[in-house]
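Engineer: Quick check, what structure comes out for this input:
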Amino acid sequence: MTLAAEDRTAITDLINRHGHLTDSGEFDRMHELFTADAVYDVTNLGGGVLIGLAMLRDAALTLGEGNPVAHHVTNIVLTGTADDCVHALSKGIGIHADGTIGSVTYEDTIVRGDSGWRISHRTVRARRIPLTR
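Structural biologist: Numbers count the residues shown, from 1 in each chain. Here you go, the predicted model:
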């Protein structure tokens, strides 16, 4: 599937907004980014698999001060896999209050519905070792 320029822009904006909403604590707006039944897999970070917007919100609130103070996303690569479904691969940088920095890879399945593009599945993997898949 070839993605139209306006779809690429909308999906890139969707991925970019995640950090803005998360960093400002606007967890009640996650429906603007994720489907209601979204799967958010942070097993690699020790957090397990979160299903649904309420679990996403609760996990972020439970982390509290352990959350990064800033989420930055880069290197977004989009691949159309089927009508109204896109695979996105991107890099994330998290900056913590103590100044430490972490890097992750986001793997997203993004679907188009009545409300536009939304992330239906996200897997987050920490980057701890250079030059590995």
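Engineer: show me the contacts for the residue lying closest to residue 41 once chain neighbours are set aside.
Structural biologist: In this structure, residue 41 finds its nearest non-sequential neighbour in residue 123, 4.4 Å apart by CB to CB, 6 or more residues apart in numbering. For glycine as for every other residue, the C-beta is placed from the backbone atoms N, C-alpha and C. Taking CB atoms under 8 Å, 6 or more residues apart in numbering, we find residue 123 in contact with 41, 44, 106-108.
Engineer: Who wins on neighbours among those?
Structural biologist: Highest neighbour count within the contacts of residue 123, by other CB atoms under 10 Å: residue 108, with 23 neighbours.
Engineer: can I get the CA coordinates of the helix or strand harbouring it in PDB?
Structural biologist: Element membership for residue 108, per DSSP states H and E: strand 101-113. Output in PDB follows, covering the C-alpha atoms of strand 101-113 (Å, rounded to 0.1, in the frame of the first residue of the first chain):
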ATOM      1  CA  ILE A 101      19.000   9.400  29.300                       C
ATOM      2  CA  GLY A 102      17.600   6.200  27.800                       C
ATOM      3  CA  SER A 103      16.900   5.200  24.200                       C
ATOM      4  CA  VAL A 104      14.200   2.900  22.900                       C
ATOM      5  CA  THR A 105      12.800   1.600  19.700                       C
ATOM      6  CA  TYR A 106       9.000   1.900  19.100                       C
ATOM      7  CA  GLU A 107       7.300  -0.600  16.800                       C
ATOM      8  CA  ASP A 108       3.700   0.500  16.100                       C
ATOM      9  CA  THR A 109       0.700  -0.800  14.300                       C
ATOM     10  CA  ILE A 110      -1.400   2.200  13.300                       C
ATOM     11  CA  VAL A 111      -4.900   1.800  11.900                       C
ATOM     12  CA  ARG A 112      -7.300   4.300  10.400                       C
ATOM     13  CA  GLY A 113     -10.800   4.400  11.900                       C
END
